[in-house]
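Peer 1: Got a predicted structure plus its sequence, pasted below:
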Amino acid sequence: MTLPQKTPATIITGFLGAGKTTLIRHLLENAGNRRLALVINEFGDVGVDGDILRACGVKNCPEENIIELANGCLCCTVADDFIPAIETLLTLKDPPDHIIIETSGLALPKPLVKAFDWPSIRSKLTVDGVIAVVDAKAVVDGRFADPPETNDSRQKDISPVDHDNPLEEVFEDQLNCADLIILNKVDLITQQQQADLSAEISKLSRNNAVLTQTHHGRIRPEIILGLSAAAENDLLNRPSHHDLEDQHDHDDFDSFMIELGEVFDPSLLFEKLTLAIKKHDLLRIKGFIHVAQKPMRLLIQGVGARLDSYYDRPWKLEEVRRSQLVIIGLKGLDIAAISRMILSS
């Protein structure tokens, strides 16, 4: 008797602003005839990433194939959110050939890989591969740890000890679970920094993990899809800082949403956001802005001190034009002060 073929799933992880959504968008637009489905998880109330990907309008990934799980973390809500989402996709009239799972930037991938061992989905799905997207510029700037050239003594084996830097802990867990590590945004660093960073990440990652470099998430689909890693059967070789913990939480991080209303001067808004980022050491800003007398919505993406924006699509006729930003930082954010800075006239 021939066993039914399992549907492959790819887990795409990476810290806040690493470029996961951009990579997935490029993947959707170049996937050929594959029927794809997406499960998108965000750390915040506003689903920015899902809205960006739905705007692609890719025929082989229609809106019903995109499930968004906001204001939570899949590594903590497997039973309540992840399993029902997967079961929904598998019961579609035209089930997907491949499922892409974009985790929150603060998620640990290993608990999610463990979920594929659940009886309800083990016979139906396999983890084709775990992809870790790395923001090269953020690492070189020392956002997660010391710069590469001062970090040569780091050990490859991870032990479940407390870290002074929670960003470093999440970053290392993502690297140590990955089958493929994509060093993204290399256009923002020098060739020597690329070489140093590649060497450092190779020491932090698993022995058989593949490392590649790119910018703007431009990776051919055949590099990402079809790894056949069956990661759910290889958990012992994917060490985590949280292996001895019963439950992972995100007490080290805060997020909140700001509603701005109609914006008349985007340049003034960027100045306020830049000041807020510097004064309060914000990790991530993203959202959509309604600019006065503009028929298109303005997408804002902020990673650390870097702010980018572009008009991504026209507002729909039936759509309420709103300006909403999700802001993420380390625990203890002064939400009131940050809001005053951004909303001040």
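Peer 2: Received the coordinates, thanks.

Peer 1: Tell me, how many residues neighbour Gln194?
Peer 2: Gln194: 16 surrounding residues under other Cβ atoms under 10 Å. Bear in mind the C-beta positions are built from the backbone N, C-alpha and C, glycine included.

Peer 1: secondary structure element for it?
Peer 2: Following DSSP states H and E, the helix or strand that holds Gln194 is helix 191-204.

Peer 1: Could you name the helices and strands sitting against that helix?
Peer 2: helix 136-140, helix 166-176, strand 180-184, strand 210-213 (3 or more Cβ pairs under 8 Å, 6 or more residues apart in numbering; DSSP states H and E).

Peer 1: out of the ones you listed, which comes closest to Asn41?
Peer 2: Among the helices and strands packed on helix 191-204, helix 166-176 comes nearest to Asn41, with 13.7 Å by Cβ to Cβ.

Peer 1: Just the CA trace of that closest one, in CSV.
Peer 2: Extracted C-alpha coordinates of helix 166-176, given in CSV (Å, rounded to 0.1, in the frame of the first residue of the first chain):
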residue,chain,number,x,y,z
PRO,A,166,17.1,39.0,24.7
LEU,A,167,17.6,39.9,21.1
GLU,A,168,20.7,37.8,20.9
GLU,A,169,18.9,34.8,22.4
VAL,A,170,16.1,34.9,19.8
PHE,A,171,18.6,35.5,17.0
GLU,A,172,20.7,32.5,18.0
ASP,A,173,17.6,30.2,18.4
GLN,A,174,16.5,31.1,14.9
LEU,A,175,20.0,30.4,13.5
ASN,A,176,20.3,27.1,15.3
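
Peer 1: Just the local confidence number for Ser202, please.
Peer 2: In this model, Ser202 is scored at 89, pLDDT.

Peer 1: Touching, it and Thr212? I think so.
Peer 2: No. Taking contacts as Cβ atoms under 8 Å, Ser202 lies outside contact range of Thr212: 11.8 Å.

Peer 1: number of nearby residues for Pro8?
Peer 2: Pro8 is flanked by 21 other residues according to other Cβ under 10 Å.

Peer 1: Tell me how many other residues crowd Thr212.
Peer 2: The local packing of Thr212 (other Cβ under 10 Å) involves 13 other residues.

Peer 1: How about the contacts made by it?
Peer 2: Contacts for Thr212 were tallied using Cβ atoms under 8 Å, 6 or more residues apart in numbering; they are 180-183, 219, 223.

Peer 1: Just the buried residues of the residues you listed.
Peer 2: Buried members of the contacts of Thr212, scored by 16 or more other Cβ atoms under 10 Å, are 180-183, 219, 223.

Peer 1: before we move on, back to that, and the contacts of Thr212 as JSON lines, adding pLDDT and distance to Ala132?
Peer 2: Shown next, in JSON lines, are those (pLDDT from 0 to 100; distance: Cβ to Cβ, whole Å):
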{"residue": "Leu180", "pLDDT": "96", "distance to Ala132": "7"}
{"residue": "Ile181", "pLDDT": "96", "distance to Ala132": "5"}
{"residue": "Ile182", "pLDDT": "95", "distance to Ala132": "7"}
{"residue": "Leu183", "pLDDT": "95", "distance to Ala132": "10"}
{"residue": "Ile219", "pLDDT": "91", "distance to Ala132": "13"}
{"residue": "Ile223", "pLDDT": "92", "distance to Ala132": "14"}
